[in-house]
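K.L.:
Take a look and give me a structure for this.
(chains A and B)
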Amino acid sequence: MSELVIQNVWKEYGDQIVLENVSLTVASRAFVALVGPSGCGKSTFLRMLLGQEKPTRGTILIDGQPMPTEPGPDRGIVFQRYSVFPHLTVLGNVLLGKEFSKSRHKAKLFGAARRNAVEEARDLITEVGLSGTEQKYPVQLSGGMQQRLALAQALIMKPKVLLLDEPFGALDPGIRAEIHTLMKRLWHETQMTIVMVTHDMREAFTLASRIVAFERRRDRPEEKQRYGATITNDIAIWPPRQAGVPSIFSPDRDGPVAFLGHRRDDLALSGESSEAH
Amino acid sequence: MRWINTRPGRGTQLALMLLPFLLLAVAYGFGSAARLAENANDKLLPSLAGFADAIDRMAFVADQRTGDYLLWSDTRASLVRLFAGLGISTVIALLIGMAIGMLPYLRALLSPFVAVISMVPPLALLPILFIVMGLGETSKIALIVIGIAPTMIRDLALRVLELPREQIIKAETLGGSSWQIALRVLLPQILPRLITCLRLQIGPAWLFLIAAEAISSDSGLGYRIFLVRRYLSMDVIFPYVVWITLLAVVTNYALDRIRIVVFPWSELETQG
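P.N.:
I've put the predicted structure just below:
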């Protein structure tokens, strides 16, 4: 269970009010898309859920407990860029979370512990469609593959909440569609609550179970400083999407997605990628 | 075709690379020949034969007084000092630079101090070093460290700060502690930068070494150059300068190769 309760949250930077009076309850295993114009505080809101920033006023509860004031393993994150570590291979990137949690001082695993962790990491790498690239470095992967890697890396911690900050914004439309399929499958198969910031309305309505729109109610230049953005629309997708439950209305639209065959962003069957250079 | 789009082939590139060196040698040859034609005992621009003679004397004939082969004993003395200085600076720069880059408290404490220290002209401190530490090896190594460590610390601290904040956040969400993040995320990404930083400091390190050796020493490449200056022995000075340059170039190249072999990903990135 991983319910998020946001109560009367304000965020101010000095005199500038960014968010005002935001209240939102995110049910466990929901998939919430945060949309809104640029600069309306969506990403600030996500950073507060992450623990990177503190609300100026108001409280954020996760499972009834106050949100820790720094990022932790219960909340995973995928950014648009810089989410993976350039100095580690694909396998190393996915292993890192395991190594942090199992080895306090060396942060590195050896012997049987490492073999177990590698096995788990390989399963996840296969799960996101990156098998065969274990020994490659992130720069050798395409943008879509790097985001798949970032997902695998976050998933190995089994976070309660997965936060996505415009994760697919920089990808080509074709590759984006493929990674959406993956994203849907992961949401159905895992126990995570997902909160995603996106610019792309289509993406929001394709993936989410609920769309939350942020907007400034007063946006005249002289008002900009003193009035922040707040939630102006809160739309539940109808017919409802539920994690792990195929939709009875249009199973084609939702439902755990079946593998649709070989796609552009997947590896070639020979194990060689046509994307990597 | 525009000039900006014309590129040399492999052979042309090699020829172009060698051309300035060749021109320098030819210009020297003409100058030397002209002076020697006027005065066969001219010492300023010795002939090739003069160089060969001097090199033979310095490198392959034992010194009458000490029994040492001077070029090699000088090289050994200088390189020990140089590498000791570079090594100590590297360790200091890595520890303090990482700490400043990572921890806001230590940054507040040390960053302004290091910035001020790096502005002190190291050579102005040389008399103090000689007075405090004596004329032995310690003061020469200390001069190199004082000369290059502050710059290296600042460079590394900047590199740590330049790493995308997202990476550190991501590492935190993977459950990493400060120590674990330093060890597995920051350190491996900083080490290739450290090597590059070290390469850039080879020049200044030689400068401080030769300055220290010129003022007080009884061996070393810098010492020898300043010693034979009294006899106008250009036939010794020129080969020594070329030899020092060669040592610096080889060190530079070797460090870069080490970086590429040990941190292959750092090279992939630059090719991007």
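K.L.:
Now do the buried residues in the helix or strand hosting residue B:21.
P.N.:
Using DSSP states H and E, residue B:21 sits in helix B:10-38. Going by neighbour count (16 or more other Cβ atoms under 10 Å in any protein chain shown), the buried part of helix B:10-38 is B:32, B:35, B:36. Bear in mind the C-beta positions are built from the backbone N, C-alpha and C, glycine included.
K.L.:
what does stretch B:259-270 give?
P.N.:
Buried-residue list, stretch B:259-270, by 16+ other Cβ under 10 Å: B:259, B:263, B:265, B:266, B:268.
K.L.:
before we move on, what about stretch B:112-122?
P.N.:
For stretch B:112-122, burial by neighbour count (16+ other Cβ under 10 Å) applies to B:114, B:118, B:122.
K.L.:
Quickly note the distance from the residue of the stretch 151-277 of chain A found nearest chain B to residue A:192.
P.N.:
Residue of the stretch 151-277 of chain A nearest chain B, by Cβ to the nearest Cβ: residue A:157 (5.9 Å). From residue A:157 across to residue A:192, the span is 10 Å (Cβ to Cβ, to the nearest Å).
K.L.:
sorry, back to before: between the buried residues of stretch B:112-122, which is nearest residue B:58?
P.N.:
residue B:122 (29.5 Å; Cβ to Cβ).
K.L.:
For burial, what's the neighbour tally of the closest residue to that closest one other than its chain neighbours?
P.N.:
Nearest in space to residue B:122, with sequence neighbours left out and distances taken as Cβ to Cβ, 6 or more residues apart in numbering or on different chains, is residue B:147 at 3.9 Å. Using other Cβ atoms under 10 Å in any protein chain shown, residue B:147 has 26 neighbouring residues.
K.L.:
Pull the contacting residues for residue B:147.
P.N.:
Contacts were defined as Cβ atoms under 8 Å, 6 or more residues apart in numbering or on different chains; by that measure residue B:147 touches B:122, B:204, B:205, B:207, B:208.
K.L.:
Now for those: which two are most distant?
P.N.:
B:122 and B:205 (10.7 Å).
K.L.:
number of nearby residues for the residue found closest to residue B:186 once you drop the neighbours it is linked to in the chain?
P.N.:
Spatially, and ignoring its direct neighbours in sequence, residue B:186 is nearest to residue B:160 (5.9 Å; Cβ to Cβ, 6+ apart). Applying other Cβ under 10 Å, we find 22 residues neighbouring residue B:160.
K.L.:
Might one say that residue B:160 is in contact with residue B:94?
P.N.:
No: when contacts are counted by Cβ atoms under 8 Å, residue B:160 is not listed as touching residue B:94 (10.5 Å).
K.L.:
Could you list the contact residues of the stretch 51-200 of chain B toward chain A?
P.N.:
B:164, B:166-167, B:169-177, B:179-180, B:183-185, B:188-189 (Cβ under 8 Å from any Cβ of the partner chain).
K.L.:
In helices only, show me those residues.
P.N.:
B:166, B:167, B:169, B:170, B:171, B:172, B:173, B:179, B:180, B:188, B:189 (DSSP state H).
K.L.:
how many other residues sit next to the third one?
P.N.:
What it means is residue B:169. There are 20 residues near residue B:169, going by other Cβ under 10 Å.
K.L.:
cool, and the fourth one?
P.N.:
When neighbours are counted by other Cβ under 10 Å, residue B:170 registers 28.
K.L.:
Pull out the buried residues from stretch A:18-27.
P.N.:
Those would be A:18, A:19, A:20, A:22, A:24, A:26, for stretch A:18-27 by 16+ other Cβ under 10 Å.
K.L.:
Closest one of those residues to residue B:72?
P.N.:
Closest approach between those and residue B:72, by Cβ to Cβ: residue A:18, at 68.7 Å.
K.L.:
check contacts around residue 82.
P.N.:
I went with chain A, as the question did not name one. B:164, B:166, B:167, B:170.
K.L.:
wait, chain B
P.N.:
Here residue B:82 is in contact with B:144, B:205, B:206, B:209 (Cβ under 8 Å, 6+ apart).
K.L.:
Assumed residue B:206 was part of a helix.
P.N.:
Yes: according to DSSP: H, G, I helix; E, B strand; the rest coil, residue B:206 belongs to a helix.
K.L.:
Now name the helix or strand holding residue B:107.
P.N.:
Counting by DSSP H and E, residue B:107 is found in helix B:104-117.
K.L.:
Just say helix, strand or coil for residue A:232.
P.N.:
Classified using three-state DSSP, residue A:232 is strand.
K.L.:
What pLDDT is listed against it?
P.N.:
On the pLDDT scale, residue A:232 is placed at 87.
K.L.:
cool, the one 10 residues further on as well?
P.N.:
pLDDT, the model's per-residue confidence, is 81 for residue A:242.
K.L.:
which residues touch the closest residue to it other than its chain neighbours?
P.N.:
Once flanking residues are discounted, residue A:242 sits nearest to residue A:209: 7.0 Å by Cβ to Cβ, 6+ apart. Applying Cβ under 8 Å, 6+ apart to residue A:209 gives the contacts A:30, A:31, A:32, A:236, A:237, A:240, A:241, A:242, A:243.
K.L.:
cool, and residue B:192?
P.N.:
Applying Cβ under 8 Å, 6+ apart, we find residue B:192 in contact with B:259, B:262, B:263, B:266.
K.L.:
How much space separates the closest residue to the first one other than its chain neighbours from residue B:90?
P.N.:
This means residue B:259. In space, and not counting its chain neighbours, residue B:259 is closest to residue B:195: 4.4 Å by Cβ to Cβ, 6+ apart. From residue B:195 over to residue B:90 the distance is 9 Å, taken as Cβ to Cβ.
K.L.:
same check, this time on residue B:31
P.N.:
Applying Cβ to Cβ to residue B:31 and residue B:90 gives a distance of 41 Å.
K.L.:
And residue A:127, by the same measure?
P.N.:
In terms of Cβ to Cβ, residue A:127 sits 42 Å off from residue B:90.
K.L.:
buried residues in the helix or strand encompassing residue A:184?
P.N.:
Applying DSSP H and E as the criterion places residue A:184 in helix A:173-189. For helix A:173-189, burial by neighbour count (16+ other Cβ under 10 Å) applies to A:175-188.
K.L.:
Please apply the same query to stretch A:135-150.
P.N.:
Buried residues in stretch A:135-150, defined by neighbour count with 16+ other Cβ under 10 Å: A:136-150.
K.L.:
again, but for stretch B:90-100
P.N.:
When neighbours are counted by 16+ other Cβ under 10 Å, the buried residues of stretch B:90-100 are found to be B:90, B:92, B:93, B:94, B:96, B:97, B:98, B:99, B:100.
K.L.:
contacts for the helix or strand of chain A with the lowest mean pLDDT?
P.N.:
Lowest mean confidence among the helices and strands of chain A (mean pLDDT, DSSP states H and E): helix A:221-224, at a mean of 79. Residues from elsewhere that reach helix A:221-224, judged by Cβ under 8 Å, 6+ apart: residue A:216.
K.L.:
What residues sit buried inside it?
P.N.:
Of the residues in helix A:221-224, none is buried (16+ other Cβ under 10 Å).
K.L.:
Over to stretch B:59-73?
P.N.:
So stretch B:59-73, judged by 16+ other Cβ under 10 Å, has buried residues B:69, B:70, B:71, B:73.
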